[in-house]
Structures are given as structure tokens and as C-alpha cells.
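Student: Let me see the structure of the following:
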Amino acid sequence: VQLQGSGGGLVQAGGYLRLSCVASGRTFGSYDMGWFQQAPGKERRFVAAISGSGGHTYFADSAKGRFTISRDNTENTVYLQMNSLKPEDTAVYYCAAARIPSTSVRGMDYWGKGTEVTVSS
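Tutor: The predicted model follows:
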């Protein structure tokens, strides 16, 4: 599975962005998908995940109420809608795929290259 994330950019605090991640292959719907963030000098950490069918979603506490995750299995794409952005959301965002549901970095099987999000104050 190859993943390509996009949609990052520079936005003011309080603004929004929608990240997209397109996957190759015919088995997209069999993978749980996740988004992770890595701020400069920090470890990569979980942001949100969605089950293969899209029926279940999971969020880090920092993302609850502000971010939503969705997927379109007909387009092999997963989205992360980020609203009410804060400067502390500044990071490189990575999409990832997992055969077995996981919210940990080690639990993911495939990674995209990342898209950079910068939130100015």
C-alpha cells in the first residue's frame, strides 16, 4: 500500500484545513487508517483513526471536538478535517494504514510521506 498525503499549509489560529490521503491498491477498505502528527523535536503521536468501514472513529484528546476523520472507500481516500486550529497543532501530519486496529505508531503498517501544517498565532 502506498499513501500520499496532501492539504497542509499555513493558516491562522482559529482557521481550518482539510488533509487528504490517497492510497494505492484494491484493498483500501480492509485497512484502518490513521493520522499522526510530529512537531519539531517531538515524537510522532496519534491524532485520529477510522475503521475500514468508516463506522468507528477515534481521536486523541487534543483533537476531540475540533477534528473529524472520514474516508471514501470508492476513492481510496481518507480525510482529516481540522477546525479551530491552534499554534500547537503545528506539525507534519502523516497518514498511515493498519491491518489490525491501532492508535500507536508501532501498530501502523504503512506510512505516507507527510504534509506540513503551520498555524500562526
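Student: Let's see the pLDDT reported for the residue nearest to S24 when sequence neighbours are not counted.
Tutor: Excluding the flanking residues, the one nearest S24 by CB to CB, 6 or more residues apart in numbering is Q2, at 4.3 Å. Just so you know, the C-beta spots here come from the backbone N, C-alpha and C atoms, and that holds for glycine as well. Q2 is assigned a predicted lDDT (pLDDT) of 95.
Student: All further residue positions should be reported with the first residue as 224.
Tutor: In the new numbering, first residue 224, that becomes Q225.
Student: got a list of what Q225 touches?
Tutor: By CB atoms under 8 Å, 6 or more residues apart in numbering, the contact set of Q225 is A246, S247, G248, Y333.
Student: And the residue nearest the centre of the chain, how close does it get to R249?
Tutor: For the chain, the residue nearest the mean C-alpha position is W258 (2.4 Å; CA atoms, centre = their mean). According to CB to CB, to the nearest Å, W258 stands 22 Å off from R249.
Student: what does E311 give?
Tutor: 38 Å.
Student: Of the two, give the one with the bigger neighbour count.
Tutor: For E311 versus R249, neighbours defined as other CB atoms under 10 Å are more numerous around E311 (12 against 8).
Student: Tell me the secondary structure at the more buried one.
Tutor: Following DSSP: H, G, I helix; E, B strand; the rest coil, E311 is assigned to helix.
Student: Tell me how far it lies from R322.
Tutor: From E311 across to R322, the span is 31 Å (CB to CB).
Student: which outside residues touch stretch 261-278?
Tutor: For stretch 261-278, the external contacting residues (CB under 8 Å, 6+ apart) are 252-260, 279-283, 285-286, 290-294, 296, 301, 303, 311, 313-317, 324-328, 337.
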